[in-house]
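Participant: generate a structure from the sequence data that follows.
(4 chains, ligands or ions: 4)
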Number of protein chains: 2
Amino acid sequence: MANLHSAIELFPTPDHDHHSCAASILEAAERICAERRVRLTEKRRQVLEIIAKSHTAAGAYEILEKMAGPKGRPAPVIVYRALDFLMAQGFVHRLASLNAFIACANPQSDHGSQFLICRDCRAVMEFSNPTLGKAIHEGAQAASFSVDATMVEVSGLCAACARAQHE
Amino acid sequence: MANLHSAIELFPTPDHDHHSCAASILEAAERICAERRVRLTEKRRQVLEIIAKSHTAAGAYEILEKMAGPKGRPAPVIVYRALDFLMAQGFVHRLASLNAFIACANPQSDHGSQFLICRDCRAVMEFSNPTLGKAIHEGAQAASFSVDATMVEVSGLCAACARAQHE
DNA sequence: GCAACAATTGTTATTGTATAACATTTTATG
DNA sequence: CATAAAATGTTATACAATAACAATTGTTGC
Ligand SMILES: [Zn+2]
Ligand SMILES: [Zn+2]
Ligand SMILES: [Zn+2]
Ligand SMILES: [Zn+2]
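Facilitator: Ligands and ions are numbered 1, 2, ... in the order given. I've put the predicted structure just below:
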């Protein structure tokens, strides 16, 4: 996961070679599932593969389309169940502002969701800013509020799209 | 809006007297609408009133139920149009993590959305932590990302519900 | 007042997102 | 292999949001 000091190189550019990202996500998932004695079944793997294939968030029905075989696409509940599993294991995050899903950049560590979302190319970057996490926790504490989960979604324009607009 | 140094008194407790909160929200809305020469029509006022009546977020269809008269409830689009207006004027915020709506605690100032949401009593507190806002902006800048809108939704347990669980 | 126009509301239909309930199949365990 | 648990299949439904167009209400200048 990007710690925003080296983030400039890490925001997914439209042209970057993505094969290694996707492969390493699948690899990590298999390893972690083995460790935890949970099963990365065919459906679950298929959904994760589809999500990991892109740095843009995928909607549930978009995933369904990509799962479609000769007999047409599976029922919605199929993808939602796979997503529930993948989110429980921390392999996938849900972006509430988009009703869409993105592969986790760092599935090992338990972490709050913090995302930059480009409104133009729809690329998503997950980041983890300690200052931000600390500010949230302190704020909550001041209200005697005990935190379960935090959601930070920042929408705007990525550097590449900002440049493109100036041309 | 709470600036989390005095937040302990401000998280809405289940038993607090709410009439003044709701009344002042409606009052402020009327004043601001007059200033801006926009119309707080009957439907809009009704929707705002329903939302302001509670410190828990209201779903669109929940609002529809409460709008129901002898002829049944109005069409969904009625409430969504009112919500669009109320959000544009800054009287209401949408909570993406709940697909629900809450009255703004400080409709004067333009501000990013930051909320504490109790998973138990479902009460919502809007807050504005400058450190948090700054951290988000700095993080985005480090990624050369220009921010349009930020969304911070923190779910957990409020103080009252935490106490209740310990009994 | 009233014509002309803009804003708001009404009506019907549709798309998108997500879950409930229950049957069947697959996998792990003794 | 019998049993139980986990995962998948099937059908139906609930909830969230928008599209397209008609009717009504409010505003403005004459
Ligand atoms: Zn992550
Ligand atoms: Zn972009
Ligand atoms: Zn607000
Ligand atoms: Zn509570």
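Participant: near chain B at all, the longest strand anywhere in chain A?
Facilitator: Counting residues, the longest strand found in chain A (DSSP state E) is strand A:146-157. Yes - for strand A:146-157 and chain B, the contact criterion (Cβ under 8 Å from any Cβ of the partner chain) is met by A:146-157. In short, each C-beta sits where N, CA and C put it, glycine included.
Participant: for the most centrally placed residue in chain A, give me phi and psi.
Facilitator: The centroid of chain A falls nearest to A:Ile102 when counting by Cα atoms, centre = their mean (2.7 Å). Dihedral angles of A:Ile102 (phi, psi; degrees, to the nearest 10) stand at phi -140, psi 150.
Participant: also A:Pro130?
Facilitator: Dihedral angles for A:Pro130 - degrees, to the nearest 10 - are phi -60, psi -40.
Participant: give me the neighbour count for it.
Facilitator: Using other Cβ atoms under 10 Å in any protein chain shown, A:Pro130 is surrounded by 10 other residues.
Participant: what does A:Ile51 give?
Facilitator: Counted with other Cβ under 10 Å, residues neighbouring A:Ile51 total 27.
Participant: what of A:Thr41?
Facilitator: Counted with other Cβ under 10 Å, A:Thr41 comes out at 12.
Participant: state the distance from it to A:Ala82.
Facilitator: A:Thr41 is 8 Å from A:Ala82, where distance means Cβ to Cβ, to the nearest Å.
Participant: ditto for A:Ile32
Facilitator: 16 Å.
Participant: and those two? which has more neighbours close in?
Facilitator: For A:Ile32 versus A:Ala82, neighbours defined as other Cβ under 10 Å are more numerous around A:Ala82 (25 against 16).
Participant: enumerate every residue touching that one.
Facilitator: By Cβ atoms under 8 Å, 6 or more residues apart in numbering or on different chains, A:Ala82 lies in contact with A:43-44, A:46-48.
Participant: just give the nearest non-adjacent residue to the residue in chain A that ligand 4 sits nearest to, would you?
Facilitator: At 8.8 Å from ligand 4, A:Phe145 is the closest residue in chain A, using Cβ to the ion. In this structure, A:Phe145 finds its nearest non-sequential neighbour in B:Leu116, 4.9 Å apart by Cβ to Cβ, 6 or more residues apart in numbering or on different chains.
Participant: residue ranges with poor pLDDT in chain A?
Facilitator: Where chain A drops to pLDDT under 70, the residues are A:1-10, A:13-15.
Participant: switch the cut-off to 50
Facilitator: A:4-9 (pLDDT under 50).
Participant: strands of that one, residue ranges please.
Facilitator: Assigned by DSSP E, the strands in chain A fall at A:92-95, A:100-103, A:113-118, A:124-126, A:146-157.
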